[in-house]
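> Here you go, sequence then predicted model.
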Amino acid sequence: MISGSVLLSLFVWIIVVGLIFWLLWWFLGYLALPQPFDKVIRVIVVLAAVVFLINALLSIAGHPLVR
């Protein structure tokens, strides 16, 4: 059984980290880096966001990727 407080704290973490990733995405667009560097950095940011989201969802089930 999943506790409501655990879901609420996880939801807050996802919102905060999502806001951080969104600000980072916006800042990368604001910097206007040259094309190959911009794409590489954006892919790294997306991969980090996806790994965090997968880890957060797996932690609900009790099997996080990173402990």
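That came in fine, so what should we check first?
> Can you pull up the most central residue in the chain?
A49 (2.9 Å; Cα atoms, centre = their mean).
> Let's verify it: helix, strand, or coil?
helix (DSSP: H, G, I helix; E, B strand; the rest coil).
> Give me the distance between it and G62.
Relative to G62, A49 is positioned 22 Å away (Cβ to Cβ, to the nearest Å). The C-beta positions use only the backbone N, C-alpha and C, and glycine is treated the same way.
> where are the low-confidence patches of the chain?
1, 67 (pLDDT under 70).
> can you give me the helices in it?
4-31, 35-61 (DSSP state H).
> Next, the angle helix 4-31 makes with the last one.
Translated: helix 35-61. Here the directions of helix 35-61 and helix 4-31 differ by 180 degrees (axes from the mean of the first three to the mean of the last three Cα atoms, to 10 degrees).
> So which bits of helix 35-61 are buried?
A49, F52, A56, S59 (16 or more other Cβ atoms under 10 Å).
> Closest one of those residues to S3?
S59 (12.6 Å; Cβ to Cβ).
> show me what contacts the closest one?
S59 is in contact with L10, counting by Cβ atoms under 8 Å, 6 or more residues apart in numbering.
> any idea how far it lies from V6?
9 Å.
> For the closest residue to I41 other than its chain neighbours, grab the count of nearby residues.
With Cβ to Cβ, 6 or more residues apart in numbering as the criterion, I41 has its nearest non-adjacent residue at 5.9 Å, and that residue is L28. L28 has 15 neighbours, counted by other Cβ atoms under 10 Å.
> Verify the contact between L28 and R42 for me.
Yes: if you go by Cβ atoms under 8 Å, L28 and R42 touch, sitting 6.2 Å apart.
> can you count the residues close to I14?
I14: 14 neighbours (other Cβ under 10 Å).
> can I assume it is in contact with N55?
No: under the criterion of Cβ under 8 Å, I14 is not in contact with N55, lying 10.7 Å apart.
> What separation do you get for the residue nearest to the centre of the chain and W25?
9 Å.
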